[in-house]
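Q: Need coordinates for the below:
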Amino acid sequence: MQRKKDLTSKIRKWLTLIILSCFLSGASTLYAQDTTLKNKIIMSKPGGSSLYAQDSTDDTSSDGKGYNEVGDKIKTMIEELQNLQQKVSDLKKYEKKQLKKLSKRIEKTELHTFTDKISFGIEFESNIESIHYNDIYALSDDVYGYFMQNPQTLNGYLTSNFGNVFTKPFNKISSASNDMIFTEKLRLNMKSKFNDKLDFTGRLAAYKVWGDSSGVKFNNGSLGDMYLDGTTASVPSGDNIHLERAYFNYKFNLGKKVPGSISVGRRPSTAGSPLEFREYSLEGGAALATAINWQFDGISLNFDLEEFFNIPGHVLKLCYGLAFESGWGNSYSLMNDPDVDDVNVLGLIDVIYDDSVTDITALYAHGSGLTDGFTGLTLMPMTVNKNPMTGKYEFAQNSNGWISRVEPQTNIGDYDVFSLLLKTNFKHFFETKNNVDFFAGVSWSHTTPTNISKIPLYEMLGMGLLNSGVYDKSNLEDRDGYSVYIGTRIPMPYNGKLGLEYNWGSKYWLSMTSAEDSLVASKLATRGHAYELYYIQPIFNQNFFAKFGLIYYDYEYTGSGSPLGAPVRINEMTPLDKFYSTGFSPVIDNALNLYFSVTFRF
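A: Below you'll find the predicted structure:
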């Protein structure tokens, strides 16, 4: 800025000299004209002196020389002025450039200040999948026609007053395929640390199928077919941004040996251990995915007991989650005594041992008052209504593809689940050079039914919690289910990873894993067998990698993942058995899912 002021002062000085020179030049010109006029007058006088005239001419010549010198000076000053103007222009450009650099430095400082408050991480995954269903069992067209023409009563149903309609064989489809389907998933991870005692973690997610953003699927009898709170960010649901996680964590101390923390918000209850092996990531969620993979809002209370018990990594977590809010947005929300209560889930997660090589974790959860469904959107193949005047169940085919907003009608019972998981790495365990990961988990589920569903179709079928054909709730039976899940991940050339996984579920196995990332169904909810083979090839470590693999589902029993209806063995069922078990929904014997994905994570 000082250089600019000096140049401005010089310019003013030179302008003053130029003006003064112009004034002197004008005066000299007037003088010259006056002298010439005088000479003319003298020359014209009689007897005028020629010598005087000559002297006058000499004076004029002398003045002309002075005029040339002044002109040269003016020319020089003009050139210098032009040079000064150029320097001023260059200085302005320089200052503009410096100002731009300064602005960038300020923006960087502001951005740095902003990122000091919150840091972001991006994960984008692009998938190509091929899905093949084999041996699909559907009721014959005569069954659909019969119910649409003949409204039913419970009494009529109990006496099996269907004529010969269920003697018709299945409408069996040998296969159905989608040879190529594209999906994309975006996750925005957020972290913010206020101080050593308080921090925040969040995640926004969008997951869609190419060419579709409706967010609503045709219902085939699975919770994964519904657009509902527990799965919005974890299964394809259009191009909407969903809140998958958002919670604060406040740390405190109980005495000198027990650090603790309390956390409130949308819980990290999806993609938990041991899914980190197949996802090629760090451990994704707190809950064990062997039993729970579901989006919850709730509270957790954590206690680090490592120093207190002198056991490596020993942590105890007490959890509460709200799976369903009955008093908001439902038809019965404003009633004084609604038939449906909230679904509350209490849980305990015990990291029994963790030395960063071997990890043993146990999970127990109790769901109080499970409902006969969840509030959500779906496309039902057929609608069933109970006429309040006649008490009859009336059927209509959903030929126009209307989207239904469904809501639970009653609480049907309690649910308990326990899971124990072991993870280790053979490199340290057997002192070998091979960096082989291994895990094994066993799980148990128990259902205690208390009511029969009041949703018209399920009420007509006498469905309760893993029960069917029961019209007196005192006849409902408790059920126990079991599951086994094992897997290994083996190092390959060029830093590749080869994974092998297997899981089995019994007839009455029931998990809360509908938020598992799968276009077919949750493999960990399978009542039967599921096999997975995958290969991961890093390109830039865990920041950019490719993965391809397959999952084969071999179902033994109907209704995998559904809490309603009694499962029946698929290869032994009759059309009437199938109707009692799953209603009008088709039954799939086995399925194959081939996939290839590329993931960017930073």
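
Q: Flag every buried residue along stretch 235-248.
A: For stretch 235-248, burial by neighbour count (16 or more other Cβ atoms under 10 Å) applies to 235-238, 242, 244-248. C-beta: built from backbone N, CA, C; applies to glycine.

Q: same thing with stretch 196-204?
A: 199-204.

Q: Just the mean pLDDT for it, thanks.
A: Mean pLDDT, stretch 196-204: 95.

Q: quick one: contacts of that stretch?
A: Stretch 196-204 is touched from outside by 118, 187-194, 233, 241-252, 268, with contacts defined as Cβ atoms under 8 Å, 6 or more residues apart in numbering.

Q: Just the ones of the buried residues of stretch 196-204 in strands?
A: 199-204 (DSSP state E).

Q: Can you tell me the closest non-neighbouring residue to the residue nearest in space to the middle of the chain?
A: Taking Cα atoms, centre = their mean, the centroid of the chain lies closest to Ala205, which sits 1.4 Å from it. Using Cβ to Cβ, 6 or more residues apart in numbering and skipping the chain neighbours, the partner closest in space to Ala205 is Ala233 (4.0 Å).

Q: ok but the one you found is inside a helix, no?
A: No. Under DSSP: H, G, I helix; E, B strand; the rest coil, Ala233 sits outside any helix and is assigned coil.

Q: now stretch 588-600, how far from the centre of its chain.
A: The gap between where stretch 588-600 is centred and where its chain is centred comes out at 20 Å by Cα atoms, centre = their mean, to the nearest Å.

Q: Buried ones in it, by neighbour count?
A: 588-595, 597-599.

Q: Okay, and which of the contacts of stretch 196-204 map to strands?
A: Within these, residues falling in strands by DSSP E are 187-193, 242-252.

Q: where along the stretch 251-400 of the chain do the helices fall?
A: 276-279, 306-309 (DSSP state H, counting those that start in this stretch).

Q: closest to Tyr555 out of those?
A: Closest of the helices of the stretch 251-400 of the chain to Tyr555 is helix 276-279, at 20.9 Å (criterion: Cβ to Cβ).

Q: Extract the C-alpha trace of that closest one and format it as PDB.
A: The C-alpha coordinates for helix 276-279 follow below in PDB (Å, rounded to 0.1, in the frame of the first residue of the first chain):
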ATOM      1  CA  GLU A 276     -16.500 -56.700   9.800                       C
ATOM      2  CA  PHE A 277     -14.600 -59.600   8.200                       C
ATOM      3  CA  ARG A 278     -16.900 -59.800   5.100                       C
ATOM      4  CA  GLU A 279     -17.300 -56.000   5.000                       C
END
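
Q: Show me what it is packed against.
A: strand 479-492, strand 496-505 (3 or more Cβ pairs under 8 Å, 6 or more residues apart in numbering; DSSP states H and E).

Q: Summarise which helices and strands the first one is packed against.
A: If you count contacts as 3+ Cβ pairs under 8 Å, 6+ apart, strand 479-492 packs onto helix 276-279, strand 437-449, strand 496-505.

Q: quick check: mean pLDDT across the first one?
A: Which is helix 276-279. 95.

Q: Which residues does it contact?
A: For helix 276-279, contacts defined as Cβ under 8 Å, 6+ apart pick out 271, 282-284, 437, 439, 487, 489, 499, 501, 532, 534.

Q: please redo it, this time with the cut-off set to 10 Å
A: 125, 271, 282-285, 289, 423, 437-439, 487-489, 497, 499, 501, 517, 532, 534, 536, 542, 547, 549, 551, 599, 601 (Cβ atoms under 10 Å, 6 or more residues apart in numbering).

Q: Make a markdown table out of the helices and strands packed on strand 479-492 and add distance to Lys317 and mean neighbour count.
A: Below are the helices and strands packed on strand 479-492 laid out as a markdown table (distance: least, Cβ to Cβ, whole Å; neighbours: other Cβ atoms under 10 Å):
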| stretch | distance to Lys317 | mean neighbour count |
| --- | --- | --- |
| helix 276-279 | 18 | 20 |
| strand 437-449 | 18 | 20 |
| strand 496-505 | 24 | 19 |
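
Q: Now tabulate the ones you listed in a markdown table and tack on distance to Cys319.
A: Shown next, in a markdown table, are those (distance: least, Cβ to Cβ, whole Å):
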| stretch | distance to Cys319 |
| --- | --- |
| helix 276-279 | 20 |
| strand 437-449 | 17 |
| strand 496-505 | 24 |
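
Q: which one of the ones you listed lies closest to Tyr364?
A: strand 437-449 (9.7 Å).

Q: Just the CA atoms of that closest one, as CSV, please.
A: What follows is strand 437-449, C-alpha atoms only, in CSV (Å, rounded to 0.1, in the frame of the first residue of the first chain):
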residue,chain,number,x,y,z
ASP,A,437,-9.0,-64.9,10.9
PHE,A,438,-11.6,-67.2,12.4
PHE,A,439,-15.0,-66.8,14.3
ALA,A,440,-17.7,-69.0,15.7
GLY,A,441,-21.0,-68.0,17.2
VAL,A,442,-23.9,-69.9,18.8
SER,A,443,-27.3,-68.3,19.5
TRP,A,444,-30.6,-69.2,21.2
SER,A,445,-34.0,-67.6,20.8
HIS,A,446,-37.2,-68.0,22.9
THR,A,447,-40.7,-66.7,22.2
THR,A,448,-43.5,-66.5,24.7
PRO,A,449,-46.8,-65.8,22.9
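
Q: Let me see the contact set for the closest residue in space to Gly481 that isn't next to it in sequence.
A: Of all residues not flanking Gly481 in the chain, Trp509 sits nearest, at 3.4 Å (Cβ to Cβ, 6+ apart). Each residue near Trp509 by Cβ under 10 Å, 6+ apart is listed here: 417, 443-445, 466, 479-484, 503, 524-528, 557, 560-561, 567.

Q: May I have the beta-bridge partners of the closest residue to Leu476 other than its chain neighbours?
A: In this structure, Leu476 finds its nearest non-sequential neighbour in Pro449, 3.9 Å apart by Cβ to Cβ, 6+ apart. Counting by DSSP bridges, Pro449 forms beta bridges with Gly413.

Q: And Pro449, how far from Lys507?
A: Distance of Pro449 to Lys507, given as Cβ to Cβ, to the nearest Å: 16 Å.

Q: Please dump the buried residues of stretch 235-248 into a markdown table; it should also carry distance to Asn385 and pLDDT for every row.
A: Below are the buried residues of stretch 235-248 laid out as a markdown table (distance: Cβ to Cβ, whole Å; pLDDT from 0 to 100):
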| residue | distance to Asn385 | pLDDT |
| --- | --- | --- |
| Val235 | 29 | 88 |
| Pro236 | 30 | 90 |
| Ser237 | 27 | 85 |
| Gly238 | 29 | 86 |
| His242 | 32 | 94 |
| Glu244 | 36 | 94 |
| Arg245 | 39 | 95 |
| Ala246 | 39 | 96 |
| Tyr247 | 41 | 97 |
| Phe248 | 45 | 96 |
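
Q: Closest one to Glu129 out of these, please.
A: Pro236 (10.7 Å).

Q: and the closest one, helix, strand or coil?
A: The three-state label given to Pro236 by three-state DSSP is coil.

Q: just checking, it touches Ala205?
A: No. Using Cβ atoms under 10 Å, Pro236 is not in contact with Ala205; the gap is 11.1 Å.
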